[in-house]
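Trainee: Give me coordinates for this.
(chains A, B, C and D)
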Number of protein chains: 2
Amino acid sequence: MSRRAFHRAPEGERRQDLIEATLDCIAEFGLKGATLRQIAIRAGVTAGLVRHYFDSKDQMVAEAYRAVIASLTEKAEAVQGDPETRLRDFIVINLTEPVANSRSLSLWAAFISQVRVDATLAVIHREGYLSFRNALEALVADFLVAKGQTPTAEECRRHAIAINGLMDGLWLEGCLAGDLFRESELVTIAMTSVEAMLGLPLATTAEKH
Amino acid sequence: MSRRAFHRAPEGERRQDLIEATLDCIAEFGLKGATLRQIAIRAGVTAGLVRHYFDSKDQMVAEAYRAVIASLTEKAEAVQGDPETRLRDFIVINLTEPVANSRSLSLWAAFISQVRVDATLAVIHREGYLSFRNALEALVADFLVAKGQTPTAEECRRHAIAINGLMDGLWLEGCLAGDLFRESELVTIAMTSVEAMLGLPLATTAEKH
DNA sequence: GCAGAAATTATTCAAGCGTATAATAACGGC
DNA sequence: GCCGTTATTATACGCTTGAATAATTTCTGC
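Mentor: The predicted model follows:
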């Protein structure tokens, strides 16, 4: 009857590990399969430790949701360069790995299905959604202005809604059934569609690495 | 200590009631809150009865998923009239009640998050997705032909993927944050975007009721 | 109107859940 | 090198879960 090996993790690292383990379990077993015991196994600790870092399981799950939102938006909001490049990169980033994969979708869907149930998650969700759409709206506005147009705020809003919808939908298709599409096919379709919607070409620039 | 009132339901009705109650509970409490006891309360029976109609809870949930898919696709696949009208109606139906509402999304998301976990649900999902996209592809092909074009199969496929993505994404936005949009704003945006993507106008026809 | 089948309720069960608490191991200051 | 603090393990508790089974009510064919 020997006691389990006792390993003290570096400052703040354990908290992050627990959140990662939570997401792994939700993606793999669903929200109802992500039990404290499963999460603890995944994180390499015992279940009781969770309550040393979080007030409750629900609080840990909420923080895990924040991490998901961050991983889905932070890369997209960090695009740089001229307006056209930024818009193009925004599209590419959202429709390729690591943003677009089946794990991301499973996590996203698990939390979305809880938004109506848990008010805390609803707040986190709305903040993430609005900041994402606002970022896209700014991208579209900058792009149109750079092309010599003077779009009204209303036009920008409508374009942002439409493009946001298109991107969400293609992201979804790619995550759900990536095997049905050829390599980067969805990116090409998105580019062509956005060009048609804005009535402007999105010049193909040389690949950067 | 009197026994609970004993009411025998008409042929086959109880089964449907149980599936409806299951969906109500999933929408309201999430998958993990949809317990046999909650479902039984909602259906006005006792929990034990479930196993008289279904082999297990999982089987009932799978049948409930079939019902969700059906409710999301059956109306859209039944559009009638000339190709242009069918395409327009298809768009309208998918972006307005009862297909587009927050309950539908909660249900859809709950099941999608389980697709990676439960192989049975994965099969049901893929069938529904493909039949939906094929229906849309046929709609697009008919429309283009009616407009005097001779699109290749590849063109139809790409258009269907793009429009499907747009519709999914706008459906999603509408379900998640319907309060952020004006009445039928999403339908208008969808119409305008599809026109731009196909390079053809979708004539506004007189409202039918 | 009775007998057997089917539908429904009631009760029980083992397993797993999140939480609480107590015991123990590692660390940092002095 | 000891001591208080904190991170971690271990264990126990009350509750809920899906499932199994037994008891009861209704229906149907004759």
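Trainee: Could you tell me the per-residue confidence at A:L18?
Mentor: In this model, A:L18 is scored at 97, pLDDT.
Trainee: Let me know the average pLDDT across the longest helix along chain A.
Mentor: Using DSSP state H, we find that the single longest helix of chain A is helix A:119-146. The average pLDDT within helix A:119-146 is 93.
Trainee: Pull out the buried positions in that helix.
Mentor: Of the residues in helix A:119-146, those buried by neighbour count under the rule 16 or more other Cβ atoms under 10 Å in any protein chain shown are A:121, A:124-125, A:128-129, A:132-133, A:135-137, A:139-144. Where C-beta positions appear, they are placed from N, C-alpha and C, glycine not excepted.
Trainee: what's the answer for stretch A:154-162, then?
Mentor: Across stretch A:154-162, burial judged by 16+ other Cβ under 10 Å covers A:156-162.
Trainee: Are that stretch and chain B in contact anywhere?
Mentor: Yes. Counting by Cβ under 8 Å from any Cβ of the partner chain, chain B is contacted by stretch A:154-162 at A:158, A:161-162.
Trainee: ok, back up a step: is any residue of the longest helix of chain A near DNA strand C?
Mentor: No. Using Cβ under 7 Å from any atom of the strand, helix A:119-146 never reaches DNA strand C; the gap is at least 13.2 Å.
Trainee: Tell me which other helices or strands that helix touches.
Mentor: Packed against helix A:119-146 by the contact rule (3 or more Cβ pairs under 8 Å, 6 or more residues apart in numbering or on different chains; DSSP states H and E) you find helix A:57-77, helix A:83-95, helix A:102-115, helix A:153-177, helix A:185-198, helix B:153-177.
Trainee: Mind doing that once more with 7 Å?
Mentor: In terms of contacts (3 or more Cβ pairs under 7 Å, 6 or more residues apart in numbering or on different chains; DSSP states H and E), helix A:119-146 is packed against helix A:57-77, helix A:83-95, helix A:102-115, helix A:153-177.
Trainee: Quick one: mean pLDDT for the third one?
Mentor: In this case it means helix A:102-115. Mean predicted lDDT for helix A:102-115 stands at 96.
Trainee: other SSEs contacting that helix?
Mentor: By 3+ Cβ pairs under 7 Å, 6+ apart, helix A:102-115 packs against helix A:13-29, helix A:57-77, helix A:119-146, helix A:153-177, helix B:102-115.
Trainee: Throw the ones you listed into a markdown table and include distance to A:L36, thanks.
Mentor: Converted to a markdown table, the helices and strands packed on helix A:102-115 look like this (distance: least, Cβ to Cβ, whole Å):
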| stretch | distance to A:L36 |
| --- | --- |
| helix A:13-29 | 9 |
| helix A:57-77 | 6 |
| helix A:119-146 | 18 |
| helix A:153-177 | 28 |
| helix B:102-115 | 19 |
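Trainee: Adding distance to DNA strand D, write those out as JSON lines.
Mentor: Shown next, in JSON lines, are the helices and strands packed on helix A:102-115 (distance: least, Cβ to the nearest atom of the strand, whole Å):
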{"stretch": "helix A:13-29", "distance to DNA strand D": "4"}
{"stretch": "helix A:57-77", "distance to DNA strand D": "12"}
{"stretch": "helix A:119-146", "distance to DNA strand D": "19"}
{"stretch": "helix A:153-177", "distance to DNA strand D": "26"}
{"stretch": "helix B:102-115", "distance to DNA strand D": "13"}
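Trainee: All good on my end, thank you.
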